[in-house]
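Chemist: Need a 3D model of the following:
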Amino acid sequence: MSRVITVVMFAVLSVSQTLAVETVDLINPTKPHGGWSFGNGPEFGGAGGGLTLNTGDDAPALKLYGDFRQKGLYVQMGRKLDDLHIGTLSMDVRSTSDDVLAIRLIDATGQCHQIKLRVQPGTRWQTVKLPVRYFFEHMGKPNQIAGVVRYQYWGGAKDGRWHDPATQISLLARKHGGNKESTVAFRNITASIVPPPKKAKPTPGVTKWVPLLELIDGQTEWNYFKGREFKGSDGAFDLITELDEADVKALTSNHILRLTSKITGTGYVGMSRGLSWMQVRSLNAVRLKMRTTTATSFNLRVIDGTGQTFQRKRIKLNNDGKWHEYELGLDRIITSEAWGGAKDRKWHGSPRALILMMSHQSSKDGHASIEFGGIDMQVVVGTAVETPSYTDNFDTDTPGQDWQLTGKTGTPTQDGRGHVLRLSRAIENLDQPTTAIGPTFPARSGAWNIQAKMRTELHAPDNSFQADLRIQWLDGNGKVVDSTVVADQFGQND
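Modeler: I've put the predicted structure just below:
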């Protein structure tokens, strides 16, 4: 008879069981590999290994094997979940050599939560339980669960918070220490299902129009792009600051942005502006003042707080060469195409970005020009804007002296764009932290407007390697009680 060891980290198991209405078995012995699939970690070159199902013992068991003698850092077994509201995730685990088990859960926004738990290596089975909802509700608090080695998150809402329901799960076997191979077996993988969490009714806020065409230090915050995945996507983007008398009278802005398309195929061009700095409660409408003689329509995209993109195509334009105002309410924006993020075709929270585009369908021959004399967004806010509580441009006589630097982090220096703080890390130092933590400053409750300039040159095939700018919230004793990601970038991004 096999012996079972239980990992002690679950004082709230009785709470989860009280709320559970059913238990779902996540290994189906009638399906290949029990309904799970093997992944070799391709972003690290792809390890060897495989996944096998054994149905001859007390319960169907899956064996995950990773061979890292040639390349790779991990392998995984994963499966989709049918939008489960998980109370507790439970499984029997037998890890031959590794004392850490990595679990990845994908929530409703597409955010990946990686939780590494301490386990006992050896030949005996041990029961591991993760009370999912309790873990996120009490993370960083005195009554948080024990046995968690590390927590990481990326993608989706990118906020480090759990958004029910769960849509996918993966269990990993990793390269560790001097071991070139790793085997982890699993059986009795189950999820107890609890009722969906109750949503609090939002409190009313203040509605206001926010201008988005303004210049900062004489430069526009809008960025030009073209659809590189389509041949023939070409165009131009111009800032016009010398206006004639008629434009001065017609506009409240003292400048114009001009987007030009020179499309010869089925491509597109556009201009975008990041809006993560807003941190408002919701979006109500977008208002545009536009002029064209050649374009017949344009496309609009808005990204919400979960990373969900809403797109309204072929919005008709009056191309008589006069200024016209177009206002699109939220109901019109979200009732067309939607993808990514929460994937529920509902608006969530503060907008992340606004994107204005022309495609090959925006004019007869793909050649057109649109001028923007006003771009405004009506949002719901809850507080008034105050003077900055903290500013650091790294331009003092002793730049960065108040910062705590870890890893290969250089003292702030000056380049062609001004004073910068530079962080760098080589792939051989992947597990070494590289951070720069600034000084503390007083804060009050309410919405915050946080702005920064970032540039990244990260070499990775996906967004699992990121540079994060976050603000940490401290209690009166200086202990970190929460953390909010202000911006995260991957790849080459400026």
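Chemist: So D247, which state does it fall into?
Modeler: Under DSSP: H, G, I helix; E, B strand; the rest coil, the three-state class of D247 is helix.
Chemist: Give the residue spans of the stretch 351-494 of the chain that score low on pLDDT.
Modeler: For the stretch 351-494 of the chain, residues meeting the criterion pLDDT under 70 lie at 382-388, 395-401, 408-418, 444-449, 460-465, 490, 494.
Chemist: which stretches of it form strands?
Modeler: 353-359, 367-381, 404-406, 413-415, 418-420, 435-437, 456-457, 467-474, 480-489, 492-493 (DSSP state E, counting those that start in this stretch).
Chemist: Ok, which of those comes nearest R287?
Modeler: strand 367-381 (4.5 Å; CB to CB). (Each C-beta comes from the backbone N, C-alpha and C, glycine too.)
Chemist: mind putting the strands of the stretch 351-494 of the chain in JSON lines, distance to Y134 included?
Modeler: Listed next are the strands of the stretch 351-494 of the chain as JSON lines, based on distance: least, CB to CB, whole Å:
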{"stretch": "strand 353-359", "distance to Y134": "34"}
{"stretch": "strand 367-381", "distance to Y134": "32"}
{"stretch": "strand 404-406", "distance to Y134": "31"}
{"stretch": "strand 413-415", "distance to Y134": "46"}
{"stretch": "strand 418-420", "distance to Y134": "42"}
{"stretch": "strand 435-437", "distance to Y134": "28"}
{"stretch": "strand 456-457", "distance to Y134": "35"}
{"stretch": "strand 467-474", "distance to Y134": "21"}
{"stretch": "strand 480-489", "distance to Y134": "17"}
{"stretch": "strand 492-493", "distance to Y134": "36"}
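Chemist: Quick one: the ones you listed as TSV, columns for mean neighbour count too.
Modeler: Listed next are those as TSV, based on neighbours: other CB atoms under 10 Å:
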stretch	mean neighbour count
strand 353-359	21
strand 367-381	21
strand 404-406	13
strand 413-415	11
strand 418-420	14
strand 435-437	14
strand 456-457	13
strand 467-474	14
strand 480-489	15
strand 492-493	12
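Chemist: Any idea how many residues pack against T96?
Modeler: Neighbour count for T96, taken as other CB atoms under 10 Å: 15.
Chemist: May I see the buried residues of the helix or strand that contains T167?
Modeler: Take DSSP states H and E as the rule and T167 turns out to sit in strand 166-174. For strand 166-174, a neighbour-count test (16 or more other CB atoms under 10 Å) marks A166, T167, I169, S170, L171, L172, A173, R174 as buried.
Chemist: Tell me the one of those nearest T220?
Modeler: Proximity of the buried residues of strand 166-174 to T220 (CB to CB) peaks at T167, which lies at 38.2 Å.
Chemist: Give me the pLDDT for the closest one.
Modeler: As predicted, T167 sits at a pLDDT of 94.
Chemist: Identify the residue spatially nearest to it, adjacent ones excluded.
Modeler: In this structure, T167 finds its nearest non-sequential neighbour in I106, 5.0 Å apart by CB to CB, 6 or more residues apart in numbering.
Chemist: end to end, how far does stretch 126-146 reach?
Modeler: 16 Å (CA to CA, to the nearest Å).
Chemist: just stretch 309-325 next, same as before
Modeler: Start-to-end span of stretch 309-325 (CA to CA) is 24 Å.
Chemist: contacts for it?
Modeler: The contact list for stretch 309-325 (CB atoms under 8 Å, 6 or more residues apart in numbering) reads 250-251, 287-304, 326, 328, 332-334, 336-341, 347, 359, 361-362, 370, 373-374.
Chemist: Please indicate which of the residues you listed are buried?
Modeler: Of the contacts of stretch 309-325, these count as buried by 16+ other CB under 10 Å: 250-251, 287-292, 294-304, 333-334, 336, 338, 340-341, 347, 359, 361-362, 370, 373-374.
Chemist: Restricted to helices, list these.
Modeler: Using DSSP state H, A250, I333 are the members of the buried ones among the contacts of stretch 309-325 that sit in helices.
Chemist: just to revisit the earlier point, how about the residue nearest to T167, phi and psi?
Modeler: Here is the backbone geometry of I106 (degrees, to the nearest 10): phi -100, psi 130.
Chemist: Quick check, it in contact with A166.
Modeler: Yes - the criterion here is CB atoms under 8 Å, and I106 meets it with A166 at 6.9 Å.
Chemist: could you pull out the helices for the stretch 51-200 of the chain?
Modeler: Secondary structure of the stretch 51-200 of the chain (DSSP state H, counting those that start in this stretch): helices at 132-138.
Chemist: OK, contacts around K175?
Modeler: Contacts of K175 (CB under 8 Å, 6+ apart): A47, G66, F68, G72, L73, Y74, S182.
Chemist: Report the beta-bridge partners for the closest residue to P211 other than its chain neighbours.
Modeler: With sequence-adjacent residues excluded and distances taken as CB to CB, 6+ apart, P211 is closest to D376, at 5.4 Å. Beta-bridge pairing for D376 (DSSP bridges): P211, R287.
Chemist: cool, I169 as well?
Modeler: Going by DSSP bridges, I169 forms beta bridges with R79, L105.
Chemist: For T190, see how far away it is.
Modeler: Distance, I169 to T190, using CB to CB, to the nearest Å: 12 Å.
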